[in-house]
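Undergrad: got a sequence here, can you build the structure:
(chains A, B and C)
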Amino acid sequence: MSLELMKGNEAVAEAAVRAGVVSYFGYPITPQTELLEYMSHRMPELGRAFVQAESELGAINMVYGAACTGYRTMTSSSSPGVSLMLEGVSYIAGTELPMVIVNVMRGGPGLGNIAPAQSDYNQMVHGGGHGDYRCIVLAPCSVQESVDLTVLAFDLADKYRSIVVILTDGSIGQMMEACELPPMQPLKTTFADWAVQGCEGRERRFLTSINLDPAAQEEMNYRLLKRWIDVEANEIRCQEYYMEDAEYVVTGFGSSARIALSAVRIARAEGIKVGLIRPITLSPFPRQVYADLSDKIKGMLVVEMNAGQMLEDVLAANRYRTPTDFFARLGGVVPFPDEVLGEIHRMVETPISTDGHPRDRWLARVLAKG
Amino acid sequence: MPLKGRIVVTEKYCKGCELCISSCPQEVLALANDRITAKGYHPATMVADGCTGCGICSVICPEAAITVYREKTGVNRIPA
Amino acid sequence: MVLENCEIETTVFERPDSLTGTTSHYCPGCTHGIANRLIAEVIDEMGMREKTIGVASVGCSVFIYNYLNMDFVQAPHGRAPAMATGIKRVLPDRMVFTYQGDGDLASIGMAEIVHAAARGENISVFFLNNTNYGMTGGQMAPTSMPGQKTTSSQTGRDVETQGFPIRVSEMFSKLDGASYIVRRSLHDPKHIRMAKKAIRMAFETQVRGLGFSMVELLSICPTNWGISPLNSIKWLEEKMIPYYPLGDYKIHPALAEIKL
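TA: Numbering: from 1, shown residues only, chains lettered A, B, ... in the order given. Sure, this is the predicted structure:
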C-alpha cells in the first residue's frame, strides 16, 4: 500500500481517471476548480477527452452527448454551477444514462461565497431538475472516502443507468490528506445495448428524453421507479460509530459528520454514551437506521451546514420517535467541534423538548444568544 | 427526340404542396382532385404525356415522395 | 415487368437509404423535408450511414431522428452543439452533425454554437433559417426580419423595441475556429442542388479533420407565414435573400481542392 498526500478535488479527479473515465467536461468555479485543472492535463496525457466548456450548461450537455456513447463520463462543479447544470441533469435522467457529477458545495443561495456549506442537500437529494427522477447521492467525509466513492460512483452509474452525485464541499475538496488511490482500470470495451456509436452491423438506435404519448411517459416513469427501488434495496450505505451502547446519537453527513465525530470522541472520553450515525448514501437515504433506533436512545442531535435539510429526512425516517434537536452553521460558516460538544452536553443535561420543530427551537436558541 | 420518363408518387408521403407541379418544366403534373391520401391531401400525379424523367420534381419534393424513371437511350445496356 | 424495367429504364431518383419510411410531421411544402433528404442523400453517397451520429434539436427539427435511418440523439433546446461535442470527442472517427432551427441555434443555443465554432469543434451543423419559431406557432425569432409579422410581433418586428435580427453566417465567418461557413437556400431546384453540394462540403470538412462546418439553409414556413407553399417560395426569394445573402462566408483553404 502506498499513500499519497493529495488535495480532495485532485484525488477525486485521479480516482475518476483510474475508474476509467474517458471524457471530462467542466467549467471553472471555486472551490471545485482544481478538479478541472487536474483533468486538463491528465486526460490529454492519456489520450482521453477534456473540454473546458463555455458554461456549466455547455459542460453538462457535453457530458450528455458523451454519456450517449456508453463510455464513462463526468463533470464537476460547485453550487451555482450545479444549478445551471440541472437542465442537463433532468434530460440525462430522462434518457436513462449513466454519469457522474461532483458537487463541491459552497455557501448560498445566489452567488453566496466560496466557503464550505451543505445547503444543496435538497437540490441533489430531492430533485433540482424537473420531472420524476432520482439521483444516487454519495457523501464522503474525507479525501480517502472521496476516492473510494468516486470509483463506486462509476460502477453504480453503469449498473443502474443512473446519475451519481458525489456531494462534497469546499472543505473536503480543498483539504490535503493521505490517501490510497485505486489501481488503474482498463477502459470499457463492451457496451450496453442502448449505446449510440454509429449503427454499423445493427439496427439504428436513438436516445431521447421525449415521450409525446403520456402513457409512454408513464411507462418510462414506472421504469425509473422500479430501478430506484432496486437501488434502495441494494445500495444504502451508512456508517455507525460507538452505537453499541449509545444512549445519545449525533447524526450528520460529510464535513458536518466529521466535525461531529470529533465532538463525539471528546464526549466519549468524558464518559458520555454517545454515538454517531453518518449516512454515506444520502439518496437512497438509510431510513431504516433511523426507524430502528432503539428506545433506549434518549436523544438525537442532527448536525448540518444548512438550515435543516437532512433533518427532515431524519425526522420522517425516525417517525418522530426519538427526541431530536438540531444544530447548524449556515452560509459557509463551518461549525467547531466545541460547538457540537456544547450541544451534546446540553442534550445530556436537559431533556430534549418536544415542542415545535427542532429547527425552530435551534433558531430560537441562536436568536436568544444574540 | 426527347427522352421519355415517368414518375411514381408514393401517396403516403405526398402532402399536395404543389411545389413539384410548379417546378415541372413539361407541366405534366397536377393534383389528383378525385382522391385523397390517408393524411387527407390530394396527391400529385402525372396528368399528361411529355415527362422526360428530368427529376426536377423529385429535387423540390419536400417529402421524397417521388420516384423518377427515365428510358435508357441504349436499350440493351446492362443495368447499372 | 420488373425485368423489362431494368432493361429499358434507369432510376433517376428514389428515396435514399438513409431516409426511413416514416411519414414526416412537417407541414405541406415545408423545406425541412428537403434538408432531411439532402443530408440523407449525401450520407448515402459518402457511404457513411453506419458511421454517422446525428444530434436532433428542439423545434420542428426535433423529429429528424424519426426520418434519418442512423444512430441519433436528441438534445435539449439549443444544446445540440454541446452534445455533438461530447460525442465527437469520445468517438472522433464518427461523423457527427447537428440539425438546428434558428430559434434553437441563434437564440437559446447561441453560446453553445458560437463556442463550438470557436473551438473549431470537428462537427457539421445544418442550420435551418425560416425566420420564426415554427413548432410553437410562429413567434418572433432572432432571425425575424425588421417589420416581419409573427405571432409575437403582430404589427411587425419593431427594431426600436425588439432589436435587430442576427445574421449568423456573417457573424461566424469572423471566428478563427470555423472552417466552412456558407449560406444556401432551399427555394428552387437549382438552389437545392447547391445546398446539397454545401452539405457534402460540410461533411468533407469534418472527415478531413478541418474543424467546424456550418451550412445555413434558408427555408420556408408556409403554415406560420400564413401563405401557400408557392407564395412562400416567392417571399423567401424576394424578402429573405436580400436580407440574408447567399454565398460562401468562410472556406478553409484546404477545401479549395475538393471538386464535387
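Undergrad: ok, which residues in chain B are in contact with chain C?
TA: B:5, B:10, B:12-13, B:15-19, B:22-23, B:39, B:41, B:53-56, B:58-64, B:66-72, B:75-76, B:79-80 (C-beta under 8 Å from any C-beta of the partner chain). (Each C-beta comes from the backbone N, C-alpha and C, glycine too.)
Undergrad: which of these fall in strands?
TA: B:5, B:66, B:67, B:68, B:69, B:70, B:71 (DSSP state E).
Undergrad: turn those residues into JSON lines, columns for pLDDT, neighbour count and distance to chain A.
TA: What follows is those, written out as JSON lines (pLDDT from 0 to 100; neighbours: other C-beta atoms under 10 Å in any protein chain shown; distance: C-beta to the nearest C-beta, whole Å):
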{"residue": "B:5", "pLDDT": "95", "neighbour count": "21", "distance to chain A": "33"}
{"residue": "B:66", "pLDDT": "98", "neighbour count": "26", "distance to chain A": "25"}
{"residue": "B:67", "pLDDT": "97", "neighbour count": "17", "distance to chain A": "23"}
{"residue": "B:68", "pLDDT": "97", "neighbour count": "24", "distance to chain A": "27"}
{"residue": "B:69", "pLDDT": "96", "neighbour count": "21", "distance to chain A": "29"}
{"residue": "B:70", "pLDDT": "94", "neighbour count": "21", "distance to chain A": "32"}
{"residue": "B:71", "pLDDT": "91", "neighbour count": "14", "distance to chain A": "36"}
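Undergrad: what is residue A:103 paired to in the beta sheet?
TA: Per DSSP bridges, the residues bridged to residue A:103 are residue A:77, residue A:167.
Undergrad: from what I can see it touches residue A:164, true?
TA: No: in this structure, residue A:103 is not within contact of residue A:164 by C-beta atoms under 8 Å, at 11.1 Å.
Undergrad: show me which of these two is the more surrounded one.
TA: Taking other C-beta atoms under 10 Å in any protein chain shown, residue A:103 and residue A:164 do not tie; residue A:164 has more neighbours (28 against 25).
Undergrad: gap between whichever strand or helix holds the more buried one and the chain center?
TA: Assigning secondary structure by DSSP states H and E places residue A:164 in strand A:163-169. Between the centre of strand A:163-169 and the centre of its chain there are 4 Å (C-alpha atoms, centre = their mean, to the nearest Å).
Undergrad: how about stretch B:66-73?
TA: So, by C-alpha atoms, centre = their mean, the centroid of stretch B:66-73 is 10 Å from its chain's centroid.
Undergrad: around chain B, pick out the residues from the stretch 151-260 of chain C.
TA: Counting by C-beta under 8 Å from any C-beta, the stretch 151-260 of chain C sits next to chain B at C:188, C:189, C:192, C:193, C:222, C:228, C:229, C:230, C:233.
Undergrad: what about residue C:27, distance to chain A?
TA: According to C-beta to the nearest C-beta, to the nearest Å, residue C:27 stands 17 Å off from chain A.
Undergrad: need the strands for chain C, in chain order.
TA: Going by DSSP E, chain C shows strands at C:9-13, C:52-56, C:71-74, C:95-101, C:124-129, C:132-133, C:139-140, C:178-185, C:212-218, C:247-251.
Undergrad: strand partners of the fourth one, parallel vs antiparallel please.
TA: Looking back up the chat, that one is strand C:95-101. strand C:52-56 (parallel), strand C:124-129 (parallel).
Undergrad: please convert these to TSV, extending it with mean neighbour count.
TA: Shown next, in TSV, are these (neighbours: other C-beta atoms under 10 Å in any protein chain shown):
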stretch	mean neighbour count
strand C:52-56	28
strand C:124-129	28
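Undergrad: any chance of these in TSV, plus mean pLDDT?
TA: TSV is the format used below for the strands paired with strand C:95-101 (pLDDT from 0 to 100):
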stretch	mean pLDDT
strand C:52-56	98
strand C:124-129	98
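Undergrad: could those strands go into JSON lines alongside distance to residue A:147?
TA: What follows is the strands paired with strand C:95-101, written out as JSON lines (distance: least, C-beta to C-beta, whole Å):
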{"stretch": "strand C:52-56", "distance to residue A:147": "34"}
{"stretch": "strand C:124-129", "distance to residue A:147": "40"}
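Undergrad: before we move on, back to that, out of the residues of the stretch 151-260 of chain C next to chain B, list just those in helices.
TA: Using DSSP state H, the subset of these located in helices is C:189, C:192, C:193, C:222, C:229, C:230, C:233.
Undergrad: what sits closest to residue A:71 if chain neighbours are left out?
TA: Distance criterion C-beta to C-beta, 6 or more residues apart in numbering or on different chains; nearest residue to residue A:71, sequence neighbours excluded, is residue A:22 at 4.1 Å.
Undergrad: same question for residue B:15.
TA: In space, residue B:15 is closest to residue C:28, 3.8 Å off (C-beta to C-beta, 6+ apart).
Undergrad: what residues does the stretch 101-250 of chain A have near chain C?
TA: So the stretch 101-250 of chain A meets chain C at A:196-201, A:204-210 (C-beta under 8 Å from any C-beta).
Undergrad: going by neighbour count, which of these comes out on top?
TA: Of those, with other C-beta under 10 Å as the count, residue A:196 tops at 25 neighbours.
Undergrad: give me the distance between the two termini of stretch C:205-214.
TA: 10 Å (C-alpha to C-alpha, to the nearest Å).
Undergrad: now do it, average pLDDT.
TA: Mean pLDDT, stretch C:205-214: 98.
Undergrad: and the nearest residue to residue A:107 once chain neighbours are set aside, how close does it get to chain C?
TA: Counting by C-beta to C-beta, 6+ apart, residue A:107 lies nearest to residue A:332, which is 2.9 Å off, once chain neighbours are set aside. As judged by C-beta to the nearest C-beta, residue A:332 and chain C stand 29 Å apart.
Undergrad: tally of neighbours for residue A:332?
TA: 19.
Undergrad: and the pLDDT at it?
TA: 96.
Undergrad: show me what contacts it?
TA: A:106, A:107, A:112, A:113, A:114, A:115, A:116, A:117, A:170 (C-beta atoms under 8 Å, 6 or more residues apart in numbering or on different chains).
Undergrad: what is the burial count for the first one?
TA: In other words, residue A:106. Neighbour tally, residue A:106, other C-beta under 10 Å: 27.
Undergrad: follow-up on the earlier one: can you turn the buried part of the ones in helices among the residues of the stretch 151-260 of chain C next to chain B into a ChimeraX selection?
TA: Only the buried entries of these go into this ChimeraX selection, using 16 or more other C-beta atoms under 10 Å in any protein chain shown:
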select /C:189,192,222,229,230,233
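Undergrad: give the bridge partners for residue A:51, please.
TA: Bridge pairing for residue A:51 - DSSP bridges - gives residue A:25.
Undergrad: residue A:15 sits in which helix or strand?
TA: Going by DSSP H and E, residue A:15 is part of helix A:8-18.
Undergrad: just the CA atoms of that helix, as CSV, please.
TA: Extracted C-alpha coordinates of helix A:8-18, given in CSV (Å, rounded to 0.1, in the frame of the first residue of the first chain):
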residue,chain,number,x,y,z
GLY,A,8,-9.6,16.3,-2.2
ASN,A,9,-10.5,17.7,-5.6
GLU,A,10,-7.4,16.3,-7.3
ALA,A,11,-7.8,12.9,-5.6
VAL,A,12,-11.3,12.7,-7.0
ALA,A,13,-10.0,13.5,-10.4
GLU,A,14,-7.3,10.9,-10.3
ALA,A,15,-9.7,8.3,-8.9
ALA,A,16,-12.1,9.0,-11.8
VAL,A,17,-9.2,8.6,-14.2
ARG,A,18,-8.4,5.2,-12.7
